[in-house]
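Visitor: Here is the input, now give the coordinates:
(2 chains)
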Number of protein chains: 2
Amino acid sequence: MSAAPGHMPVRVVEVGPRDGLQNEPMPVSTEVKVGFIARLVAAGHTRIEATSFVSPRAIPQLADSTEVARRLPRAEGVRYTALVPNRRGLDAFLAARDAGSPLHEIAVFTGATDRFVLANIGVTISESIAAFRDIVARATTEGLGVRGYVSTVFGCPYEGRVAPERGLAVARTLLEMGCAEVSVADTLGVATPADVERFLDLWQAASDLAMDRLALHFHDTRGTALPNVLTALRRGVTTFDASAGGLGGCPYAPGAAGNLASEDLVYMLEGMGFSTGIDLGRLVDASSHMAVALGRKMPSRTWQAEVARRGAGMADA
Amino acid sequence: MSAAPGHMPVRVVEVGPRDGLQNEPMPVSTEVKVGFIARLVAAGHTRIEATSFVSPRAIPQLADSTEVARRLPRAEGVRYTALVPNRRGLDAFLAARDAGSPLHEIAVFTGATDRFVLANIGVTISESIAAFRDIVARATTEGLGVRGYVSTVFGCPYEGRVAPERGLAVARTLLEMGCAEVSVADTLGVATPADVERFLDLWQAASDLAMDRLALHFHDTRGTALPNVLTALRRGVTTFDASAGGLGGCPYAPGAAGNLASEDLVYMLEGMGFSTGIDLGRLVDASSHMAVALGRKMPSRTWQAEVARRGAGMADA
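Guide: Numbers count the residues shown, from 1 in each chain, chains lettered A, B, ... in the order given. Predicted coordinates for the structure are as follows:
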């Protein structure tokens, strides 16, 4: 990145309220969640994955999705997404929207390896895709945006390394089906820049796959999330998922760090001259709101450093 | 790094036993330190900063430097370094060597900002450099290798951002004085890839500064250590400092992460096809030795992920 990018915009999709809180063992009140989202909006986030219309038995942490949807702060230019695992989820999404929720994008979730998808949502990849066809068509008819997730693209807890062609094929199917954007995820956090290059080589070689329909979702399990972002930026990817404070992780790798932290991403991007539209100090405040609610520090390195720096009264970084 | 580097060697300088343990509040026995170093050697490390011949009043953690030096494992091709802050330190280093220690490189330490150097070693940058002239000359006459450290090159806890010209000038002085290699450090962990590019632009534009005499020492305080390494690799830098487990940090940023973890560095480099000569599994074992001795987990993300993966019996990453 020798050439200064001259404030080229990079889009950050904030997944903390859904992906982050989904695996949180501490119960979090609707009040705290809505306050978290309001602070993310105040920090400048414009794409926020707010909740999931999933069975409360499957994910009790998100059982208040309808209430969260109803209380989402209305803000100019902010686009809210909710995960919709099935037809019943879409019904609940539409009911919330009809009741006045500003939600306007659904997300569907599958993966690159059958064993992981089976363990996560109880069906194979093909079964999940078959079920999504109807959901995506209905959502599109209703004028909603649609986002698709492909997990375990670089590695799977059951199968180890995954050939990039497999994730690419699933991503293509989701795009053909009507997803406006597909988020390709390194769920285990095993990818290095070389893996990202290989995946993007394939993506760019495919005449039907546009770079602006690709988002990358890195986990920082081995510290490679930011070098992977840097590599993808150089190849023209401009949309990255991240979670405030680094909330959330992979339940299949206990004790390990999970989602790339929004603070770490924003710190690097802004330091390099990219424009995210996000204020780092206010983002730290949003994560501190969750740190207080959860009674523990956030895993984000930048969050920890900024909180320590404020406490010590040190010069601005 | 689109072109596969084809097992190009990258040198990792392991600083855990000195830089890592120097700020450790828990007392660590000589036995544990020597066991740590032996495990680092078994993992394949060939450059290890073993201790510091500093006043035991200044750094009680390293008061056993003579004993550590005496008990260093002899191993073909392994080069041990010790920090030498002053003439008395060099006397102690030479006495240890005369008594049979395999130490054969000294390191001297200064910085890019007077306030930080004053706070750390009680003198200004110029005073530190004046004192080093005699030490470096004597060490060279004795046939020792000499390494120089320049701290706070990208940022200072007292002065904030630092212009890259300042660190470069100090590095040049150290090289002219006889240091074979200079380690340029982002002590606060504030640098992004754009800062690294700017520093390397200056370095490469200077006809008297060779790339192979530069080592980079990144701190992972805000998660940017690995993207910075990636950027420097692309520019031809091939020597990086790191600390097993991510031991050590900056005492001026309490609570914040410090040294780039050797595991994180080795994981990324080996995954990209670079050859470090270091076995990740054995490196994790070396850090686990310290985790047990210190009674806490190591900050390295890769260490945490590998330990969790072993515990869960998951497929290889």
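Visitor: Touching the helix or strand encompassing residue A:90 from outside, list them.
Guide: Using DSSP states H and E, residue A:90 maps to helix A:87-98. Here helix A:87-98 makes contact (C-beta atoms under 8 Å, 6 or more residues apart in numbering or on different chains) with A:52-55, A:65-66, A:69-70, A:82-84, A:103-104, A:106, A:131, A:134-135, A:138-139, A:142, A:144. C-beta here means a position set from N, CA and C on the backbone, and glycine is covered the same way.
Visitor: what residues does the stretch 51-200 of chain A put near chain B?
Guide: Taking C-beta under 8 Å from any C-beta of the partner chain as the contact definition, the stretch 51-200 of chain A meets chain B at A:155-161, A:188-195, A:197.
Visitor: which SS state does residue A:100 fall under?
Guide: At residue A:100 the chain is in coil, as set by DSSP: H, G, I helix; E, B strand; the rest coil.
Visitor: Just confirm it contacts residue A:69, I think it does.
Guide: No. Assessed by C-beta atoms under 8 Å, residue A:100 is found out of contact with residue A:69, at 9.3 Å.
Visitor: Tell me which of the two has more neighbours.
Guide: Using other C-beta atoms under 10 Å in any protein chain shown as the criterion, residue A:100 and residue A:69 rank with residue A:69 on top: 23 against 11.
Visitor: returning to that earlier point: what is the helix or strand following the helix holding residue A:90 packed up against?
Guide: Next helix or strand after helix A:87-98 toward the C-terminus (DSSP H and E): strand A:103-111. Where contact means 3 or more C-beta pairs under 8 Å, 6 or more residues apart in numbering or on different chains; DSSP states H and E, strand A:103-111 is packed against strand A:79-83, helix A:87-98, helix A:114-121, helix A:125-141, strand A:145-151, helix A:164-177.
Visitor: residue boundaries of the strands in chain A?
Guide: Taking DSSP state E, the strands of chain A run over residues A:11-14, A:47-52, A:79-83, A:103-111, A:145-151, A:155-156, A:160-161, A:181-186, A:214-218, A:239-242.
Visitor: among the ones you listed, which is nearest residue B:236?
Guide: Closest to residue B:236 of the strands of chain A, according to C-beta to C-beta: strand A:214-218, at 26.3 Å.
Visitor: which residues touch the closest one?
Guide: A:11, A:13, A:15, A:147, A:149, A:171, A:181-186, A:189, A:191, A:196, A:203, A:224-225, A:228-229, A:232, A:237, A:239-241, A:260.
Visitor: what separates residue A:268 from residue B:222, distance-wise?
Guide: Distance of residue A:268 to residue B:222, computed by C-beta to C-beta, to the nearest Å: 8 Å.
Visitor: where does chain A have low pLDDT?
Guide: Low-confidence segments of chain A, defined by pLDDT under 70, span residues A:1-6, A:249-257, A:313-317.
Visitor: mind redoing it with 80?
Guide: A:1-7, A:249-257, A:312-317 (pLDDT under 80).
Visitor: contacting residues for residue A:267?
Guide: Contacts of residue A:267 were listed using C-beta under 8 Å, 6+ apart, and they are A:280, A:302, B:192, B:222, B:223, B:224.
Visitor: need the contact list for the third one.
Guide: In this case it means residue B:192. So residue B:192 contacts A:267, A:268, A:271, A:272, B:224, B:227, B:228 (C-beta under 8 Å, 6+ apart).
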